[in-house]
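Asks: what would the 3D arrangement of this be:
(one chain, ligands or ions: 2)
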Amino acid sequence: MTMMSCCVPSRDASDRFPCLSDPVRRSTLCLRLALVTLHLIFVGFIFIFNQEFRDNIKEQPLYTSMYLLLVVVTLAQYFFTSGSSPGYVLDAMREFAKTEASLRASEVSKQPASSKNGNVVVTIDRNRSGEHLVGNNPMNWTKMVMDMYPPGTSVRTYTCSYCNVVQPPRAKHCHDCDKCVLQFDHHCVWLGTCIGQGNHCRFWWYILEETALSIWTGILYIKYLQASFDKAWLVDVIMIILLSILSIALIFLLLLLLFHSYLVVTNQTTYELVRRRRIPYMRNIPERVYPFSKGACRNLYNFCFARTSIYAMEPLPGAQELEQMSVPYTCLDVISCRCCC
Ligand SMILES: [Zn+2]
Ligand SMILES: [Zn+2]
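Replies: Ligands and ions are numbered 1, 2, ... in the order given. A predicted model of the protein is given here:
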């Protein structure tokens, strides 16, 4: 009995919790725990030491409830964004293959039974490599994607050497996720996921909520320090340290919010803005021209409301459209709102 128990391999934490065996998942879990802990520390200090805030719970329950609601909504938005798909190219290919297959099936059902055997069936393979996903349909993924680029563009230029898929405009391979992401913005270490076409809007809302929460928490800290200065110096020192950290985080969040708002209004991604000269199809486009912009108002509307599918893709504008976009703005253009027309 003793011998047998000795021979049984000991089970470590990663065996009991499969999610801990993957280092990427482990680091994401640690980051999430760190974020929740930070929020609990900053909010908890107000509840413990701010007598005025505690008194407000009875006198102004709505005020306290609103603050707590903001804390919960911000954390929920964090997990919601962190767990959402940024829109992977391989998933878009599967969707494309499904659509193609259903279209073909509906075409077949309309034709006489004798002609059904001659039709091509789109196969959907769940392999990681993209070459098996679209079957042998002539209207395949490669053709559809290459139609989005200017004529004469080489397929090789936009074939990802890691995933072996043809990337639509704005897609990029993420080395952290090891997948190609549609409308790639950046890989967010804090969220543990890529920010792309599928979750950029959620990411923007998360920054907004986090900024609002930081401002409100900062105001509560300042109120506490004004009311109880010189009474409990140790608590004051801790509060000042926390307020300083909060102020630095707030500056960073405000800058991030402004930066991403600018990207939304001009329909750009961080990657396109920072690595413009390294993206082949962006090299020859003048500096001040945003090729995917439909005007500030339309860009905002599309970003917030008009995302019918996270796999919707934007083709590159033609030479004529680019020429129109590159015409400098005059006062009359601004008055007539040319950017939105
Ligand atoms: Zn890739
Ligand atoms: Zn990534």
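Asks: in the protein, where's the longest helix?
Replies: Assignment by DSSP state H gives helix 233-266 as the longest helix of the chain.
Asks: report the buried residues of the helix or strand just after it.
Replies: Next helix or strand after helix 233-266 toward the C-terminus (DSSP states H and E): helix 270-274. For helix 270-274, burial by neighbour count (16 or more other C-beta atoms under 10 Å) applies to Tyr271, Glu272. Yep, even glycine has a C-beta here, placed from its N, CA and C like the rest.
Asks: and what of stretch 269-288?
Replies: By 16+ other C-beta under 10 Å, the buried positions in stretch 269-288 come out as Thr269, Tyr271, Glu272, Tyr281, Met282, Ile285.
Asks: you'd agree the last one is in a strand?
Replies: No. Applying DSSP: H, G, I helix; E, B strand; the rest coil, one finds Ile285 to be coil, outside a strand.
Asks: what mean pLDDT does the longest helix of the chain get?
Replies: What helix 233-266 shows for mean pLDDT is 92.
Asks: would you pull up how far it lies from the middle of the chain?
Replies: 21 Å (C-alpha atoms, centre = their mean, to the nearest Å).
Asks: what helices and strands are in contact with whichever strand or helix holds Glu107?
Replies: Element membership of Glu107, judged by DSSP H and E, is helix 89-110. Helices and strands touching helix 89-110, by 3 or more C-beta pairs under 8 Å, 6 or more residues apart in numbering; DSSP states H and E, are helix 141-146, strand 179-181.
Asks: which strands and helices sit next to the last one?
Replies: For strand 179-181, the helices and strands in contact under the criterion 3+ C-beta pairs under 8 Å, 6+ apart are helix 89-110, strand 172-174.
Asks: could you give the mean pLDDT of the shortest one?
Replies: Spelled out, that is strand 172-174. 95.
Asks: so what strands line up beside that strand?
Replies: Sheet pairing of strand 172-174 (DSSP bridges) gives strand 179-181 (antiparallel).
Asks: let me know the next secondary structure element after the strand it pairs with.
Replies: Reading on from strand 179-181 to the C-terminus, the next helix or strand found by DSSP H and E is strand 186-188.
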